[in-house]
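Colleague: with the sequence up front, the predicted model follows.
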Amino acid sequence: MIKQITKKIIITILKLEAGLILWKYKPKIIAITGTVGKTSAKDAINTILSQEFYVRKSEKSYNSEFGVPLTVIGAKSAFNNLFKWLLIFAKGAKLLIVKHDYPQILILEAGVDRPNDMSFLTSWLKPDMAVITGFGNVPVHIEFFKNVDELAKEKLKLINNFTAENYAILNGDDLKLREMKNKTAANIITYGFNEDNDLVASNYHILYKDDKEQGVPEGITFKIDYKGNIIPIRLYNIFGKQAVYSALAALAVGIAHHFNIIEMSKSLLRYRPPVARLNLIEGIRGSSVLDDSYNASPLALNMALDTLNEIKINGKKIAVLGEMLELGRHSSDEHRKAGEKAAKIADIIATIGIRAKFIGEGATEAGFKEKNIYKFDESREAGKFLATIIKEGDLILVKGSQSVRTEKVVEEIMAHPENKDFLLARQEKEWLNK
């Protein structure tokens with residue numbers, strides 16, 4: 001009871017201070033929502049806008065009732081340390097009392113876990129621009145909603161009150177977002193691979209070191225078409241079509257700010273993906289690890305498996321898949337679907353967690369040999385086993401929901417664990433003590 005009361009008090013003070021700070025400094029606000037790719041899109045947008053503006057982006061995935069006001073204040077979470085929360089309140093008060101050099105643009109993630117989460121956020125946050133990255137058929141965080149439409153409706157509250165002075169940047173390949181084009185007064189820019197988008201990607205493929213056709217991948221390349229202007233884009237140490245969507249979202253935001261599209265394409269050469277979002281890490285014994293361990297949803301897992309499939313290597317493909325949480329009644333079906341897909345791509349499948357048993361079942365039902373499926377209760381155990389079977393040329397995809405802590409798998413099989421503090425997710429003291 002006391003913990004809940006304290007939480008409500010902290011949220012109330014953070015919201016009050018953040019609202020007053022926005023009123024005083026009046027930065028432009030770009031809010032990003034969706035069920036996949038928010039953080040990657042945020043970082044890509046920051047890469048482009050920071051060339052011209054003083055920009056602040058939300059830390060990591062600060063997209064909650066705590067995280068958004070903390071970004072406005074410019075502070076990191078104090079977790080359970082009451083004294084540090086008092087210091088954060090003092091920092092917010094100082095911003096209000098004394099004039100500071102404050103960012104011109106805030107790039108904020110807006111997450112939704114339960115009904116009315118977005119209503120709470122938009123009660124005090126009024127974005128100038130929104131980027132909506134897509135929903136998929138069964139997004140994560142759906143367990144507290146009746147269906148996907150209810151979750152989408154909650155997230156779309158972000159642009160309910162938009163006018164012709166606002167911009168809505170939409171993933172035009174997502175059917176639910178395509179329907180929004182005629183339901184808002186905002187200026188719309190759509191992006192995606194479908195040719196009827198405003199900003200269209202094509203000719204996507206993997207780049208390999210030394211211009212080879214397989215082996216060690218080093219990035220991706222694709223072309224964009226905007227109003228008949230076709231421009232090649234290269235992204236290094238970034239993989240998967242989701243990275244293309246993030247780059248397109250950033251380009252669309254730049255277009256709304258009247259940036260030159262050729263100059264933006266050059267800026268994207270500096271873009272690096274967030275930690276644990278399909279990052280390529282050197283593995284033990286000449287292997288490669290595709291670290292996508294930050295979180296998992298059906299759509300994100302589907303894209304990760306597509307990426308594993310696209311990359312041509314000399315060794316085995318190993319899919320290490322932790323359970324996906326917050327899927328409610330869809331859980332067993334979505335895990336089975338993941339197993340069916342992995343069976344067509346991987347040579348070995350390792351599952352982690354109780355719900356992940358359905359991944360194994362889906363794989364065997366699809367004809368995958370049961371002897372090549374390994375089941376584990378927790379991530380460290382899986383990592384230690386994998387370290388005994390990995391060979392040169394192997395590619396290992398690691399993905400799972402946040403609480404499964406699949407970064408522990410990566411730590412066991414990465415070539416340089418001494419670099420884990422800046423290569424892996426959840427290396428803060430508070431996470432390591434859990």
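Modeller: Thanks, I have it.

Colleague: if I look at the residue lying closest to residue 107 once chain neighbours are set aside, how far off is residue 84?
Modeller: Spatial nearest neighbour of residue 107, excluding adjacent residues (CB to CB, 6 or more residues apart in numbering): residue 57 at 4.2 Å. All C-beta spots, glycine's among them, are computed from the backbone N, C-alpha and C. The gap separating residue 57 from residue 84 is 22 Å, by CB to CB, to the nearest Å.

Colleague: those two: which has the busier surroundings?
Modeller: Taking other CB atoms under 10 Å, residue 57 and residue 84 do not tie; residue 57 has more neighbours (23 against 14).

Colleague: tell me the phi and psi of the more buried one?
Modeller: phi -110, psi 160 (degrees, to the nearest 10).

Colleague: that one touches residue 42, doesn't it?
Modeller: Yes: assessed by CB atoms under 8 Å, residue 57 is found in contact with residue 42 at 5.4 Å.

Colleague: what sits in contact with each of those two?
Modeller: Here residue 57 and residue 42 share the contacting residues residue 107, scored by CB atoms under 8 Å, 6 or more residues apart in numbering.

Colleague: how about stretch 362-370: buried residues?
Modeller: Within stretch 362-370, the residues scored as buried using 16 or more other CB atoms under 10 Å are 362, 363, 364, 368.

Colleague: among those, which lie within strands?
Modeller: The members of those all map outside strands under DSSP state E.

Colleague: what's the closest of those residues to residue 249?
Modeller: residue 362 (31.5 Å; CB to CB).

Colleague: measure the residue nearest to residue 107 to residue 32 for me?
Modeller: 10 Å.

Colleague: where do the contact lists of the two overlap?
Modeller: 42, 45, 107, 108.

Colleague: just these: which are in strands?
Modeller: 107, 108.

Colleague: tell me the one of the shared contacts of residue 57 and residue 32 nearest residue 348?
Modeller: When the shared contacts of residue 57 and residue 32 are compared against residue 348 (criterion: CB to CB), the nearest one is residue 42, at 33.8 Å.

Colleague: in this structure that closest one contacts residue 109, no?
Modeller: Yes: shown here, residue 42 and residue 109 form a contact pair, counting by CB under 8 Å, at 5.8 Å.

Colleague: so those two - more neighbours on which side?
Modeller: More neighbours surround residue 42 than the other of residue 42 and residue 109, with 28 against 24 (other CB under 10 Å).

Colleague: show me the contacts for the more buried one.
Modeller: 32, 57, 58, 107, 109.

Colleague: so which of these comes closest to residue 152?
Modeller: residue 32 (15.1 Å).

Colleague: what segments of the stretch 201-350 of the chain are helices?
Modeller: Remark: helices assigned in the stretch 201-350 of the chain by DSSP state H, counting those that start in this stretch are 241-256, 261-267, 298-310, 331-343.

Colleague: same question for the longest one, mean pLDDT?
Modeller: Averaging the model's pLDDT scores along helix 241-256 yields 97.
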